[in-house]
Each structure stands twice: as C-alpha cells, then as structure tokens.
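*Asks:* Dropping a prediction and its sequence here:
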Amino acid sequence: MTQLTHKNAMEHKSRVAYEWLCTPWQATTFDHDTGIDLIVQPYDEKRKDKDQNIPPFERRYLVQLKSTETEEFNQVLNQGSLKIDVQHLKKWREQLDPVMIARYYIKHNCFYFTWIEEVEIYYEQVTQTITLPYRLDETTKEQVKENILEYLIPPDISELIYYPIDKSSGYSFLNIEKARSGRQVAQKLKELMPEVIRKTELHREIQAIKHQIAEEPKNLILRIELVKCYIRLRNINEALSELNVLAYTFLSLEARIISSLLDSEEYGILDSLHEYSFVYYLLADDDATSNSVKIQLDNTVYDLGPYHPAGVIFPKQDFKHIDFILWEQPVTDRRPLGNGIVRTYPLRLSFSFQVKLGLERNGSIIPHYNQVVARDTYRLNQITHPNVHEGIVLNLKKQNDT
C-alpha cells in the first residue's frame, strides 16, 4: 500500500474543502501537465426548473490549489499571498479556460484566491509573490459563487451611441445585456462612467466644430481640431476621411504628418496631439556644425544660435518669406601670421539643408514625422534660397516630400 505523505494529506484536505464550499458544482481532477488541480463545472442555481433541476453554466474554470498549516493571511487587509514559479504563471495564462489560483489556510478553514488574468507577471523573475484578494469560506461561499459566474461571463456592453440635439448638446446611451444582477450593472456603470463622459464630451465637441466648419469651410485649424477629436474617439475612418480632404483639397502638410502617424499607429503621440505644436525648423546634413545660424524672415533677421543636430526651430512661425540663411562655419584653428591671423575651417565648402514642418513639444522636435517644404545646398559662407523672389508662402507654394 502506498504511503500517504503529509503533502498529499494537505492537498487532499484542500481539495475536499474546496469541493464542499462549491457544492453543488462539480469539481474533477485535471490530469494535464500544467500544475492545475481541478476543473470545475459551475451550475446556475438561479435557473432551477420546477423539478429543482439546475442547468450547467455556459463556462467552466480551472483551479490551482495550494495549502498551508503555518502561514497566516493578512488580517488587516483581509488577503492572502503566495510565492510561486513564474513559469507556472506563464503556462496558466495560456489556458483557454480561466484559471483560479487558490490557497487554503487550514487553521482558519478558508481560501484566498485570485484569477490568473488579474496577476501582473514579472517575466524576468524566476519566482514572484502574488496577492490573493478574494476570500472563500462558509459565510461567503454563496456570494463568491455568484461573483465567479459574473466573472466567467461578464455583461455584453454596446458601443456608446450619441444623439445630437442642437449645435453643441445631445445625449448618449449604452446597451447592457447578460447582466445577472443590478449590483453587477451598477459596478459596470461605475467603471464605465468616466469613459462615457469623456466620449460624450468629444461627441459634443465634434458636433460644435462641424457647425463652425459649415460656416467656415476653408478654416484648416478647425478641420485639424476635428481630426484630433476623431482620433481621441478612435473613429479612425472619419479621421482618415477628413485628412484626405485636407491633404488633397487644401494641400495641408499637417494632414500628411498626422496621416503618417496613423499609418504607424503612433497612438502615444496621437492621443496627446493637443500637447504638440506644428513648427517649421531647419535641418542640415548629419555631420554639419555651426557656431551661429542667422535667418531673415519677412525682412527681419533672427539669430538662432548654435546649430543643433535635431534641428533648429524658427523663432517666427507665421512668416511669408525666407529671405536668406547665414551659416557660420566653426574655426578649428587660429594662428598668427605676420601682422595677421590665419583661420582654418573644416575642409567642406558645401552641404545641404532642409526646411521642414514637424511636431514639437517642450522645445523638442519629434523625429521621423515631418514634411519638407524647401531644400537647398550651401556653398561657401552664405546662400540665398533660389526662389527668394517668390519666397515660401505658407500652405501654398511648398515642396512636398516625405
């Protein structure tokens, strides 16, 4: 006869206790090599028929059981804990059925548990200690079983539907189906309300902007604001439709930049576009250096200071013309010669530059997402744009390269 080890006895105690607390649900041994102990088929006791028969619930779950005779749970926070191998957590996360991790505190005849989906796995570690926030015992078992059913099949919630009333007001509603109780609906609404309010306000803002655009159809600032609202609402099709109008009807470079962000799914930038500004800046060759960059915009000279490899933002953004750009090359060596001084410059007499429109936040230019509006090559000490007699007319005469 096989010897009954202390470990086996503790495992048996925890299994019997768990099955008893979950009665009349059926728990059977799970024989797969995943460290799982039980597979549980719940029964929906709210749906008893006239003969007291109970239909099986639509979804089952798996249980990993642990037990302890000596360790105590946290009585202040009313929660347990468990140190466990990260490899086990990874395997359980891959299961198709939900996995409950439960620990039986034998002295107190109670379980504390959590669901694998609620565990933040530290993949770089070998082991980790997880929190078990839910208690199962004789006094809580009926409510816990109801909570389990609600967890296994949460309510179906529709997308927010918005009905406008006038230029800047309207109302929203959601459809909630498969809810098991008013408490569950109340909890879901509590979780959803901040998002519902946010989306409703965005819909109202969109509505107001559309009315303004109807009166000012060529107002590109309003149209860009409309695109930003669509993006924050994740209404990407509407955003792309408006961007196409901006790019091809109004030749908007800003629209092309936003489109490239959408193509790359850069939602970290897109969701905070209101924190960014579109700016014109000067960008030279990768290895270009200058102690001083001066630029004349609309007959006014501005000193941009030393050149920065990421680009130098123009001090004036609403300019009409770039008259000239003065690039001072750094002196590498100065030596006396007779009554004068010999200055040695880098052995480079020309390099290219571009004027770009891009995105900036807190003085930092966002790389990769921009449009070239002019380009040229410097020769010797100063260069004037070849089309200086025309100038660069914003949003009109531009060289559009990505």
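*Replies:* Structure received.
*Asks:* Give me the buried positions along stretch 271-286.
*Replies:* The neighbour-count check on stretch 271-286 (16 or more other C-beta atoms under 10 Å) flags 273, 276, 278-284 as buried. In this view, the C-beta of every residue, glycine as well, is placed from N, C-alpha and C.
*Asks:* For these, give me TSV that also has pLDDT and distance to E117.
*Replies:* Shown next, in TSV, are these (pLDDT from 0 to 100; distance: C-beta to C-beta, whole Å):
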residue	pLDDT	distance to E117
L273	86	32
Y276	90	35
F278	93	41
V279	93	44
Y280	93	48
Y281	93	46
L282	90	51
L283	89	47
A284	84	51
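*Asks:* which regions of the stretch 301-402 of the chain lie under the pLDDT threshold?
*Replies:* Under the criterion pLDDT under 70, the flagged ranges of the stretch 301-402 of the chain are 329-351, 378-402.
*Asks:* circling back: is it possible to get TSV of the buried residues of stretch 271-286 that adds distance to F73 and secondary structure?
*Replies:* TSV is the format used below for the buried residues of stretch 271-286 (distance: C-beta to C-beta, whole Å; DSSP: H, G, I helix; E, B strand; the rest coil):
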residue	distance to F73	secondary structure
L273	48	helix
Y276	49	coil
F278	56	strand
V279	57	strand
Y280	62	strand
Y281	59	strand
L282	64	strand
L283	61	strand
A284	65	strand
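*Asks:* first vs last residue of stretch 292-312, how far apart are they?
*Replies:* Start-to-end span of stretch 292-312 (C-alpha to C-alpha, to the nearest Å) is 11 Å.
*Asks:* Now that stretch: buried residues?
*Replies:* In terms of neighbour count (16+ other C-beta under 10 Å), stretch 292-312 has its buried residues at 293-297, 304, 307-308, 311-312.
*Asks:* Which one of these is nearest to N237?
*Replies:* Using C-beta to C-beta, G311 is the member of the buried residues of stretch 292-312 that lies nearest N237, at 33.3 Å.
*Asks:* Closest to V373 out of the buried residues of stretch 271-286?
*Replies:* So of those, ranked by how close each gets to V373 (C-beta to C-beta), first place is Y280, at 7.1 Å.
*Asks:* Skipping its backbone neighbours, what lies nearest the closest one in space?
*Replies:* F314 (4.6 Å; C-beta to C-beta, 6 or more residues apart in numbering).
*Asks:* I'd guessed the one you found sits against Q296; true?
*Replies:* No: F314 is beyond contact range of Q296, at 11.3 Å (criterion: C-beta atoms under 8 Å).
*Asks:* so the residue lying closest to K167 once chain neighbours are set aside, which of the three states?
*Replies:* Once flanking residues are discounted, K167 sits nearest to H211: 4.7 Å by C-beta to C-beta, 6+ apart. For H211, the assignment made with DSSP: H, G, I helix; E, B strand; the rest coil gives helix.
*Asks:* P164 is in contact with H211, correct?
*Replies:* No: using C-beta under 8 Å, H211 is not in contact with P164; the gap is 9.9 Å.
*Asks:* For these two, indicate the residue with more neighbours.
*Replies:* P164 (16 against 13; other C-beta atoms under 10 Å).
*Asks:* show me the contacts for the more buried one.
*Replies:* Contacts for P164 (C-beta atoms under 8 Å, 6 or more residues apart in numbering) come out as 170, 203, 207.
*Asks:* can you do 7 Å?
*Replies:* 170, 207 (C-beta atoms under 7 Å, 6 or more residues apart in numbering).
*Asks:* all strands of the stretch 51-200 of the chain, in order?
*Replies:* Taking DSSP state E, counting those that start in this stretch as the criterion, the stretch 51-200 of the chain contains strands spanning 61-68, 80-85, 99-105, 110-115, 127-132, 134-136, 156-157, 161-166, 169-173, 176-177.
*Asks:* And the spatially most central residue of the chain, how far from W92?
*Replies:* In the chain, the residue lying closest to the centroid (C-alpha atoms, centre = their mean) is G268, at 5.7 Å. Going from G268 to W92 by C-beta to C-beta, to the nearest Å gives 30 Å.
*Asks:* Same check on N175?
*Replies:* 33 Å.
*Asks:* who's more crowded, these two?
*Replies:* Higher neighbour count among N175 and W92: W92, with 24 against 11, using other C-beta under 10 Å.
*Asks:* quick one: that one from P367, how far?
*Replies:* Remark: distance between W92 and P367 (C-beta to C-beta) = 41 Å.
*Asks:* Tell me where the chain is predicted with low confidence.
*Replies:* The model of the chain has pLDDT under 70 over residues 1-2, 31-34, 329-351, 378-402.
*Asks:* In it, spot the strand with the most residues.
*Replies:* For the chain, the longest strand by residue count, based on DSSP state E, is strand 364-379.
*Asks:* Please identify the buried residues of that one?
*Replies:* Buried, per 16+ other C-beta under 10 Å, within strand 364-379: 365-366, 369-374, 376, 378.
*Asks:* so which of those comes closest to D49?
*Replies:* The closest of these to D49 turns out to be Y369 (C-beta to C-beta; 62.3 Å).
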